[in-house]
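Q: Next comes the sequence, and after it the predicted model I'd like to discuss.
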Amino acid sequence: MTVFARFLGEKAERYIELRQSLGYSFSKQAGTLRAFVRYVERAQFDAPATRTMALDFVLSFGGAANSRATRHGVLTRFYEYLAVYDAQTETLAQSISQIQGDSASADPQRVRVGVAHRRMRPHFARHPPQGADDGDADRIVGKLGTAIGRSGQA
């Protein structure tokens, strides 16, 4: 194991502990971070943590574009944490189009709406508003996405 992989592994474990202590479930994200550490270890990368390293890791996964975007988001936040301990760590730009692959799903607004939808659906299942049906979550999230687009934050 390289010195950098050991350093990265220790920081990943501390970051996972931090997120969990703040009340986040963080089980899937922890798996992503641990897989990233194994990837760095196998490839025998040396410091600092770079954008290329992270993007190569994210794009090495098959599967849906949204899954790659989620992994990129996990690494983006971890890199921000890591930069506190290693000033040479490169920040990861929110380059959704590089992660998503196709132009239809590369729309940042669509990605945000998808994330909001995944987060709201379980809430609606547990606490449905009086008189609400299953399609209400979809309509509310659609309106949220429209509002985000109009506000210029997409």
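A: Okay, I see it.
Q: show me where the protein has helices.
A: Along the chain, counting by DSSP state H, helices occupy 3-21, 27-43, 51-59, 65-85, 96-100, 108-126, 136-151.
Q: least reliable of those helices going by mean pLDDT?
A: Across the helices of the chain, helix 96-100 has the smallest mean pLDDT, namely a mean of 46.
Q: Now for Arg14, how many residues are close by?
A: Using other CB atoms under 10 Å, Arg14 has 12 neighbouring residues. No exception for glycine: its C-beta is placed from N, CA and C like everyone else's.
Q: Can you get me a residue count around Leu75?
A: So Leu75, with other CB under 10 Å, has 23 neighbours.
Q: What are the neighbouring residues in contact with it?
A: By CB atoms under 8 Å, 6 or more residues apart in numbering, the contact set of Leu75 is Thr32, Leu33, Phe36, Ala54, Phe57, Val58, Leu92.
Q: Check what contacts stretch 14-31 and list those residues.
A: Leu33, Val74, Phe78, Tyr81, Leu82.
Q: how long is it end to end?
A: Start and end residues of stretch 14-31 are separated by 14 Å (CA to CA, to the nearest Å).
Q: What's the local residue count around Tyr85?
A: With other CB under 10 Å as criterion, Tyr85 counts 12.
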